[in-house]
Each structure stands twice: as structure tokens, then as C-alpha cells.
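J.: Give the three-dimensional model of this entry:
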Amino acid sequence: MQIKQKISMLVAALALSAVTAPAFAQVMVGGAQMFPSKDIIDNAVNSKDHTTLVAAVKAAGLVETLKGAGPFTVFAPTNEAFAALPAGTVDTLLKPENKATLTGILTYHVVAGKMDAAALSKAIADGKGKAMIKTVAGGTLTAMKSSTGITVTDEKGGSAKVTVADVYQSNGVIHVVDKVLLPK
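T.: Alright, predicted model coming up:
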């Protein structure tokens with residue numbers, strides 16, 4: 001009788017894990033499922049919260065780079081983050097004559113290597129509360145833990161909250177942020 005009970009409990013546990021595991025593994029960003037088998041660009045184009053970022057990446061000519069092998073860590077500002085910039089800023093940045101400035105801002109959101117939330121937390125702990133992160137643009141971001149999660153501060157003192165962490169990609173990881181980070 002005990003063997004039958006153990007088998008029944010094992011079968012129930014396996015059935016429950018089969019039902020709940022995909023829900024935990026599934027990450028939704030901007031109303032779209034993000035697939036770890038797709039690259040940063042192929043996932044980002046499906047997020048309705050990142051249409052401005054995708055347009056900016058295209059205008060800067062960074063699509064092929066972010067489709068590359070990486071790995072990359074991207075702090076991805078939402079449409080709302082871009083909308084919070086002073087009026088006309090995004091339109092100005094998207095003009096061909098401002099491509100270098102736009103590229104500098106976008107690559108300031110990218111870190112070489114895969115730095116998920118666990119790696120960020122470890123770096124923050126190792127840095128006694130602060131992690132200094134070198135960006136692809138050559139600038140530095142400062143990551144810190146707050147009562148609501150991880151915040152990232154730019155060189156101008158602007159701070160962005162990570163609102164969705166660990167969106168794994170085939171070529172890195174994305175952390176959704178609520179502000180645009182600006183280099184010096």
C-alpha cells in the first residue's frame with residue numbers, strides 16, 4: 001500500500017510540475033512571449049513596449065551587431081522611457097545626421113557579456129553595495145540594489161529601475177528599464 005501511495009504522489013508531483021513549469025519559464029515583455037532561442041532583435045521586435053527602441057536601433061545601424069553572437073547584456077528602455085525625454089529629443093536623434101549621437105546613447109545601454117540578475121547582484125555585493133559596469137560605448141553604469149529591486153544610474157545621475165529582469169536571449173540577456181540612460 002505504501003508503494004502505491006508513493007507512486008501516486010510522484011505521478012501527481014510530475015503532473016503538477018509539467019503544468020506549472022512552462023508558466024515559470026515563459027517571460028512576457030510588451031505583451032509578447034520572449035524566446036530564449038531567439039536573438040535580442042528577433043525578440044525585441046515583438047514587444048509593443050519597445051517599438052521606439054527598435055526604431056532607434058535600426059536608425060543607428062545596430063541591428064546586425066545585436067543579432068551577432070554576443071553575448072550582450074542590454075538595459076532596454078521602454079517606449080514610456082523614451083517619451084519621458086524632453087519633447088522632440090527622439091525625433092531629433094532619429095535623424096540621419098545624428099546617427100553618431102544615437103549610436104552612443106544606445107551602446108551606452110549595452111554591456112559586453114551576459115550579466116543576469118544573479119551576476120548583477122553578486123557584482124553589487126562584491127562592490128559593497130555598488131557595481132560599476134563598463135558599457136560598450138565606453139562609459140560606466142552604476143548598479144545598486146534598492147527596496148524595489150535593482151537600479152542602474154548613468155554618468156549624469158539619472159536612475160533607471162529594472163522592471164523586468166532576466167529576459168534570456170540566444171545571444172545574451174535583456175533587462176527592461178523605465179528610463180533612458182545617458183552618457184556624459
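J.: The protein: helices as residue ranges?
T.: 2-25, 40-44, 51-60, 63-66, 79-83, 89-93, 99-107, 117-126 (DSSP state H).
J.: wait, doesn't Val136 sit right on Ile105?
T.: No: contact criterion Cβ atoms under 8 Å: Val136 and Ile105 do not qualify, at 11.5 Å. The C-beta positions use only the backbone N, C-alpha and C, and glycine is treated the same way.
J.: Now do Val54 against Asp91, distance only.
T.: For Val54, the distance to Asp91 equals 16 Å [Cβ to Cβ, to the nearest Å].
J.: mean pLDDT lowest for which of the helices of the chain?
T.: Of all the helices of the chain, mean pLDDT reaches its minimum on helix 2-25 (a mean of 44).
J.: you'd agree Ile174 is up against Val74?
T.: Yes: between Ile174 and Val74 there is a contact under Cβ under 8 Å: 4.8 Å.
J.: quick one: common contacting residues for the two?
T.: Ile40 (Cβ atoms under 8 Å, 6 or more residues apart in numbering).
J.: where does Gly129 land on pLDDT?
T.: Predicted confidence (pLDDT) for Gly129: 95.
J.: which of Val136 and Ile105 has more neighbours?
T.: Applying other Cβ atoms under 10 Å to Val136 and Ile105 shows that Ile105 carries more neighbours, namely 22 against 18.
J.: Quick one: residues contacting that one.
T.: Taking Cβ under 8 Å, 6+ apart, we find Ile105 in contact with Leu93, Ala137, Val180, Leu182, Pro183.
J.: any idea which of the residues you listed is closest to Gly157?
T.: Nearest to Gly157 among these: Leu182, at 9.4 Å, using Cβ to Cβ.
J.: Could you measure from that closest one over to Gly139?
T.: Note on Leu182: its distance to Gly139, by Cβ to Cβ, is 9 Å.
J.: Kindly report the same for Pro183.
T.: Pro183 sits 4 Å away from Gly139, taking Cβ to Cβ as the criterion.
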